[in-house]
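*Asks:* predicted structure and sequence below. I'll ask about it afterward.
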Amino acid sequence: MNVNKLKENSVFIISLILTLIFIAWGVFFTDLLTKVTNAIYNTSIDYLGWVYIGASLFFVVFSFYLLFSKYGQIRLGKTTDRPDFNTVSWLAMLFGAGMGIGIVYWGVAEPVTHYTKPPYGEAYTTDAANVAMQFTFFHWGLHPWAIYTVIGLALALCQYNKKLPAAISSVFYPLLKDKIYGPIGKTIDILSVFATVFGIATSLGLGALQVTAGMHSIFGVPNTLLVQLIVIVVATVIFLISINTGLEKGIQYLSNAAMIISFAILLVILIVGPTLTIIRIFFNTTGLYINDFIHMSLRMTPFGEGEWIASWTLFYWAWWIAWAPFVGMFIARISRGRTVKEFIIGVLIVPTLGTCLWMSIFGGSALDLVVNSENHELAKYIADNVSLAIFTFFDYLPLSSILSLMGFALVAIYYVTVADTSTFVLGMLSEGGTLNPSNKIKMTWGIIQSAVAAVLLLSGGLTVLQTASIAAAFPFAIIMIFMCYSLLKGLNSELEIQTRKKKVKEY
């Protein structure tokens, strides 16, 4: 390979080497990996947790500012461009990439867990149930989607308006100019790839846990680490086949199928479950969420124990930031032709409402079940067996067998969709920002990210998955703060260009 070729592939080569080193570390020095990730996790939480808290709130405020700003009518692309995908498919794909496995995994488990161990107050009370739903909305609402909005919009503007490569470093062109093609830009792209690999590996690990739990619940398959690893291997083969069908076919069809099944499950639970209670929970929790939004967003408990915030809020903010390069890149890839206002409404507002509705139906129904029956043992069982939570919940509903099969199918499809879209994005990041990466690169990353997920499960399951994602996310959180300033400069220059063109046409 000549020198020029090495320079072109430097992001891919260095990122691959670093990831392979991590995999080897996890395979041969498992205990050491666990100790190091825990040390990094504790340092991040104890000394840098405020960075995650402040940055995440800033992204929400910044996104709303852009929504109502003078930049709203800027089109992502040429003024004559129109969206490549219809709105329903667009929303389905970005929702599947942005949340996917997560909402299925935590939809029942998180509210019930908060009910048994609330952030404050007494457990197993009505107040605990209200607080549980409130913080579930908080963790899955505006903050994650604002993170995706910022990076997705910045990338789309660079790709379609500035004609720059589809790489994270391109976002900084207004600040760095041609330096994005040098060592600084390469470093940003390598950090992006590394954060993406760990963010995705966390989700693939969670997905493997839940697929195995579903197989155990429905088919009686043993719920063991070996089976979880086999699930990862089989799923890897499936999504490697899916990769070769391309964006328009594979990912779009999978996303649409997942959305149809999701709506079907929601409708069934809404009909056979406590319908009126679900509606009340949605409205009540929305009010609590809006009313206490600032307090929850800045909550740090400086005079008390911070374990709850570390385990939940800080983990989530780090997880979303680790996912940001992947989700932002994918959303940008499918959003050409939309205006800035359309983009923000579609990426920030609509998914937030959809996620909160999902949590109201799943989490609200589960809470209604354990609260009204005062079944503390069931609540504790769900909190202690998170990967089984959704299937345990289905057992208490009419049509439980059908719901369990649909839930299992949904988890499996979301698993493949996330793996599929992430390999597509990693390919884009690795090949200098090409919009159509080669199958060879995508398949390489597909195998690598599954290997990372397997190593993390071998190292200690969910705990290590969480600590690894937080450790990988911190550098990218700092990058995203500077990204906002660069995005603002880019929007200003684009507005000036469009204003000049409009004046020329008038004359």
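*Replies:* Good, I have the coordinates. Numbers count the residues shown, from 1 in each chain.
*Asks:* excluding its backbone neighbours, what's nearest the residue sitting nearest the centre point of the chain?
*Replies:* With distances taken as C-alpha atoms, centre = their mean, the residue of the chain nearest its centroid is G98 (4.2 Å). For G98, ignoring the flanking residues on the chain, the nearest one in space by C-beta to C-beta, 6 or more residues apart in numbering is V327 at 5.1 Å. For glycine as for every other residue, the C-beta is placed from the backbone atoms N, C-alpha and C.
*Asks:* so which helix or strand takes in that neighbour?
*Replies:* Element membership of V327, judged by DSSP states H and E, is helix 315-333.
*Asks:* just the CA trace of that helix, in PDB.
*Replies:* Output of helix 315-333 as PDB, limited to C-alpha atoms (Å, rounded to 0.1, in the frame of the first residue of the first chain):
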ATOM      1  CA  PHE A 315     -25.100   6.800  32.000                       C
ATOM      2  CA  TYR A 316     -27.900   7.800  29.700                       C
ATOM      3  CA  TRP A 317     -26.300  11.200  28.700                       C
ATOM      4  CA  ALA A 318     -23.000   9.400  28.000                       C
ATOM      5  CA  TRP A 319     -24.800   6.700  26.100                       C
ATOM      6  CA  TRP A 320     -26.600   9.200  23.800                       C
ATOM      7  CA  ILE A 321     -23.400  11.100  23.200                       C
ATOM      8  CA  ALA A 322     -21.500   7.900  22.400                       C
ATOM      9  CA  TRP A 323     -24.300   7.100  19.900                       C
ATOM     10  CA  ALA A 324     -24.300  10.600  18.500                       C
ATOM     11  CA  PRO A 325     -21.800  10.200  15.700                       C
ATOM     12  CA  PHE A 326     -23.600   7.100  14.400                       C
ATOM     13  CA  VAL A 327     -27.100   8.400  14.700                       C
ATOM     14  CA  GLY A 328     -26.200  11.900  13.600                       C
ATOM     15  CA  MET A 329     -24.400  10.600  10.500                       C
ATOM     16  CA  PHE A 330     -27.300   8.300   9.600                       C
ATOM     17  CA  ILE A 331     -30.000  11.000  10.100                       C
ATOM     18  CA  ALA A 332     -28.000  13.400   8.000                       C
ATOM     19  CA  ARG A 333     -27.600  10.700   5.300                       C
END
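*Asks:* list the contacts of S255.
*Replies:* Neighbouring residues of S255 by C-beta atoms under 8 Å, 6 or more residues apart in numbering: 89, 92-93, 95-97, 417.
*Asks:* element containing it?
*Replies:* Per DSSP H and E, the secondary structure element for S255 is helix 252-272.
*Asks:* ok, now E494?
*Replies:* Using DSSP H and E, E494 falls in helix 462-506.
*Asks:* check which helices and strands the helix holding V327 is in contact with.
*Replies:* helix 30-67, helix 87-98, helix 142-156, helix 183-219, helix 400-430, helix 462-506 (3 or more C-beta pairs under 8 Å, 6 or more residues apart in numbering; DSSP states H and E).
*Asks:* what separates G273 from G214, distance-wise?
*Replies:* 20 Å (C-beta to C-beta, to the nearest Å).
*Asks:* quick one, which of the two is more surrounded?
*Replies:* G214 (27 against 21; other C-beta atoms under 10 Å).
*Asks:* just to revisit the earlier point, how far away from the center of its chain is the helix holding V327?
*Replies:* 5 Å (C-alpha atoms, centre = their mean, to the nearest Å).
*Asks:* so where's the chain shaky on pLDDT?
*Replies:* 1-8, 100, 243-251, 304-305, 460-470, 472, 505-507 (pLDDT under 70).
*Asks:* repeat that with 50
*Replies:* 1-6, 247 (pLDDT under 50).
*Asks:* quick one: N9 from I168, how far?
*Replies:* 17 Å.
*Asks:* go on, I271?
*Replies:* 44 Å.
*Asks:* out of these two, which sits in the busier spot?
*Replies:* Neighbours were counted for I271 and for I168 using other C-beta under 10 Å; I168 has more, 33 against 10.
*Asks:* thought that one was touching I190?
*Replies:* No. Taking contacts as C-beta atoms under 8 Å, I168 lies outside contact range of I190: 9.7 Å.
*Asks:* next, the angle helix 87-98 makes with the helix holding S255.
*Replies:* 90 degrees (axes from the mean of the first three to the mean of the last three C-alpha atoms, to 10 degrees).
*Asks:* put the alpha carbons of the helix or strand that helix 252-272 is followed by into CSV.
*Replies:* Toward the C-terminus, helix 252-272 is succeeded by helix 275-291 as the next helix or strand (DSSP H and E). Listed next in CSV are the C-alpha coordinates belonging to helix 275-291 (Å, rounded to 0.1, in the frame of the first residue of the first chain):
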residue,chain,number,x,y,z
THR,A,275,-56.6,2.4,28.6
LEU,A,276,-57.9,5.3,30.7
THR,A,277,-55.0,5.0,33.2
ILE,A,278,-52.5,5.1,30.3
ILE,A,279,-54.0,8.3,28.9
ARG,A,280,-54.0,9.9,32.4
ILE,A,281,-50.4,8.8,32.9
PHE,A,282,-49.3,10.4,29.6
PHE,A,283,-50.9,13.7,30.4
ASN,A,284,-49.9,13.8,34.1
THR,A,285,-46.3,12.8,33.4
THR,A,286,-46.0,15.3,30.6
GLY,A,287,-47.1,18.0,33.0
LEU,A,288,-44.6,16.9,35.6
TYR,A,289,-41.8,16.6,33.0
ILE,A,290,-42.4,20.1,31.7
ASN,A,291,-42.8,21.6,35.2
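*Asks:* roughly how far out does helix 275-291 sit from the chain middle?
*Replies:* For helix 275-291, the distance to the chain centre is 24 Å (C-alpha atoms, centre = their mean).
*Asks:* cool, and stretch 425-436?
*Replies:* With C-alpha atoms, centre = their mean, you get 19 Å for stretch 425-436.
*Asks:* only the buried residues of it, if you could.
*Replies:* For stretch 425-436, burial by neighbour count (16 or more other C-beta atoms under 10 Å) applies to 425-433.
*Asks:* same deal with stretch 337-348?
*Replies:* So, applying 16+ other C-beta under 10 Å, buried residues of stretch 337-348: 337-338, 340-344, 346-348.
*Asks:* quick one: the residue nearest to D84 when sequence neighbours are not counted and G96, what's the gap?
*Replies:* Leaving aside its chain neighbours, D84 sits nearest to R336 (5.8 Å; criterion: C-beta to C-beta, 6+ apart). Computed with C-beta to C-beta, the distance linking R336 and G96 is 19 Å.
*Asks:* mind checking which of the helices and strands packed on helix 315-333 is nearest S311?
*Replies:* Among the helices and strands packed on helix 315-333, the nearest to S311 by C-beta to C-beta is helix 462-506 (7.9 Å).
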